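In: Test case, fold it:
(one chain, ligands or ions: 2)
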Amino acid sequence: MTTQYDPEPASGTPVDGAPDTSNPVPELSSAESSWSDLAARAKRPTFDAYDPPDPKLIDACVHCGFCLSTCPSYRVIGKETDSPRGRIYLMDAVNEGEAALSPATVQHFDSCLGCLACVTTCPSGVRYDRLIAATRPQIERNYSRSWSDRLFRQLIFSLFPYPERLRRLLAPLWLYQKLRLPQLVRATGLLRRVSPRLDAMERLLPEVTVQCFRDTLPTVVPAQGQQRYRVGMILGCVQRLFFSEVNEATARVLSANGCEVIIPKSQGCCAALPSHQGQEEQAQSLARQMIDSFEGTEVDAIIINAAGCGHTLKEYGHLLKDDPDYRDKAKAFASKVKDVQEFLAAVGLTAPLSPLQSEPLTIVYQDACHLLHGQKISLQPRQLLRQIPGVTLREPIDAALCCGSAGVYNMLQPDVAEELGQQKVTNLLNTGATLIASSNPGCSLQILKHLKLQGKSVPVLHPMKLLDYSIRGIQLDSRIDPD
Ligand code: SF4
Ligand code: SF4
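Out: Ligands and ions are numbered 1, 2, ... in the order given. Presented below is the predicted three-dimensional model:
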């Protein structure tokens with residue numbers, strides 16, 4: 001990168017304003033005060049030699065600023081350093097030894113939601129996805145986080161990617177909810193004062209039901225009618241426990257449309273969560289386990305119904321690029337991964353569909369970032385939903401803007417996530433739709449949380465559940481519990 005840093009800070013633009021795209025110089029926080037301060041502190045820690053952000057990818061950025069207005073962290077925080085362009089500058093500065101991995105620098109990387117809206121917007125094709133994916137493991141290897149940050153992250157990474165560990169917590173969580181303790185905890189505001197992150201986690205907790213305690217799907221679900229395809233299915237972690245009915249609906253929809261569905265019992269986590277947060281070794285190990293669990297299944301496609309997981313599964317080739325034993329297997333695996341909506345739209349629905357209610361039904365489809373920006377899937381879910389008789393789709397303002405969930409971002413950066421969640425729910429409600437369709441468990445939880453905070457009770461359903469009801473002739477009115 002050849003641009004010289006100018007010590008004069010530039011101003012960012014807060015939410016809802018047009019970004020200032022004229023000055024490409026990142027604004028620095030008071031802790032940084034100037035680029036020369038950053039350079040002075042550039043002793044260490046910094047990036048190591050293993051896979052730093054690629055200078056060629058960094059140089060592709062021409063600092064035009066088109067990405068700024070679509071970046072959710074920039075729109076909320078309003079600082080250049082919390083924009084794609086600013087972060088690319090920071091990556092370059094750390095690469096060049098002009099900036100250190102200081103708490104302030106790391107916070108600018110941590111504030112990135114990884115939503116990849118900037119990748120969609122960038123007219124120069126800058127691979128910000130690759131850049132941030134290279135930056136995060138560098139931070140985890142070379143930067144020492146505070147003990148409380150480490151502890152919270154450890155809690156997340158030792159729990160969420162392991163469904164069996166999560167399942168062991170279900171009984172105490174069930175009791176906690178049955179005793180109506182959440183209401184008490186929230187009314188006192190004590191948890192928020194002690195730890196806003198734990199408070200955010202607590203508020204996202206879905207209802208623990210009987211279904212959460214067991215995996216109900218068999219290893220093989222036969223195709224109904226003439227078999228057209230043999231597909232594998234990934235169950236997810238949070239999805240498997242808290243949204244098992246979405247998995248069941250997905251298997252039924254695939255089966256009804258002529259697919260034999262293979263569900264290996266040995267499958268674990270897809271690695272999305274640790275991968276998005278730079279926990280590279282854990283992510284690679286989980287990816288290897290996932291690849292092994294599908295070994296020898298001879299499936300035409302590997303189906304996933306959660307947006308964030310699908311994006312990571314398609315990136316296995318990159319994640320395991322340096323592993324000689326798994327490199328080729330990872331590429332072959334990734335080439336078979338299809339989001340369920342992408343797959344069904346491509347092969348076509350053969351099962352007849354019935355209306356979901358006697359009246360016309362207005363749905364707003366909420367784009368999950370890792371489908372829209374990460375996998376370029378936006379038409380297919382809409383195309384499938386429109387095939388249900390009586391359904392009309394509405395589009396919200398800022399449909400491409402992240403809801404603030406972003407994996408575990410809403411727990412790690414609750415303030416920015418709150419702002420984005422509120423905006424998203426307001427925009428969805430403003431469409432006047434009576435149902436929200438969402439293809440990602442994280443987005444669904446974030447939307448449900450903010451609907452509750454705004455005192456609204458609009459049902460949030462995965463498109464697979466809607467298709468499943470439609471195929472089985474089940475009327476929504478009798479099935480939807482708006483809470
Ligand atoms: S990332 Fe792309 S859109 Fe953003 S400033 Fe660089 S070239 Fe422009
Ligand atoms: S990934 Fe999302 S939050 Fe991060 S820089 Fe790009 S647009 Fe901004």
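In: List the contacts of the helix or strand hosting Arg186.
Out: Element membership for Arg186 (DSSP states H and E) is helix 181-188. Contact with helix 181-188 is made by 176, 191, 202-203, 205, as judged by Cβ atoms under 8 Å, 6 or more residues apart in numbering. (Each C-beta comes from the backbone N, C-alpha and C, glycine too.)
In: one more time with 10 Å
Out: Helix 181-188 is contacted from outside by 173, 175-177, 190-192, 198-199, 202-203, 205, 207, using Cβ atoms under 10 Å, 6 or more residues apart in numbering.
In: again with stretch 49-56
Out: 1, 46-47, 58, 60, 87-88, 90-92, 94-96, 127-128, 130-135, 137-138, 141, 280, 321-322.
In: Among those residues, which ones lie close to ligand 2?
Out: 87, 128 (Cβ under 6 Å from any ligand atom).
In: Using ChimeraX, define a selection of the buried residues within the contacts of stretch 49-56.
Out: Here is the ChimeraX command that picks out the buried ones among those, judged by 16 or more other Cβ atoms under 10 Å:
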select :1,46,47,58,60,87,88,90,91,92,94,95,127,128,131,132,133,134,135,137,138,280
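In: Any chance you could give me stretch 264-282 in PDB, C-alpha atoms only?
Out: Only the C-alpha atoms of stretch 264-282 are listed here, as PDB (Å, rounded to 0.1, in the frame of the first residue of the first chain):
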ATOM      1  CA  PRO A 264     -24.300 -39.000  10.200                       C
ATOM      2  CA  LYS A 265     -24.500 -39.300  14.000                       C
ATOM      3  CA  SER A 266     -20.800 -38.600  14.400                       C
ATOM      4  CA  GLN A 267     -21.100 -35.000  13.100                       C
ATOM      5  CA  GLY A 268     -20.300 -32.200  15.400                       C
ATOM      6  CA  CYS A 269     -19.900 -28.400  15.000                       C
ATOM      7  CA  CYS A 270     -19.200 -27.000  11.500                       C
ATOM      8  CA  ALA A 271     -16.600 -24.700  13.100                       C
ATOM      9  CA  ALA A 272     -18.300 -21.400  12.100                       C
ATOM     10  CA  LEU A 273     -18.200 -20.000  15.600                       C
ATOM     11  CA  PRO A 274     -14.500 -20.500  16.400                       C
ATOM     12  CA  SER A 275     -13.600 -19.700  12.800                       C
ATOM     13  CA  HIS A 276     -15.300 -16.300  12.700                       C
ATOM     14  CA  GLN A 277     -13.500 -15.400  16.000                       C
ATOM     15  CA  GLY A 278     -10.000 -16.400  14.900                       C
ATOM     16  CA  GLN A 279      -9.800 -19.600  16.900                       C
ATOM     17  CA  GLU A 280      -8.100 -21.300  14.000                       C
ATOM     18  CA  GLU A 281      -6.800 -24.500  15.600                       C
ATOM     19  CA  GLN A 282     -10.200 -25.300  17.100                       C
END
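In: Give the residue spans of the chain that score low on pLDDT.
Out: Along the chain, the parts satisfying pLDDT under 70 run over 1-44, 478-483.
In: quick one: which of the contacts of helix 181-188 is most hemmed in?
Out: The most crowded member of these, judged by other Cβ atoms under 10 Å, is Arg203 (21 neighbours).
In: Could you find the closest non-adjacent residue to the closest residue to ligand 1 within the stretch 151-300 of the chain?
Out: Nearest residue of the stretch 151-300 of the chain to ligand 1 (Cβ to the nearest ligand atom) works out as His276 at 19.4 Å. In space, His276 comes closest to Gly407 once its chain neighbours are excluded; the distance is 4.8 Å by Cβ to Cβ, 6 or more residues apart in numbering.
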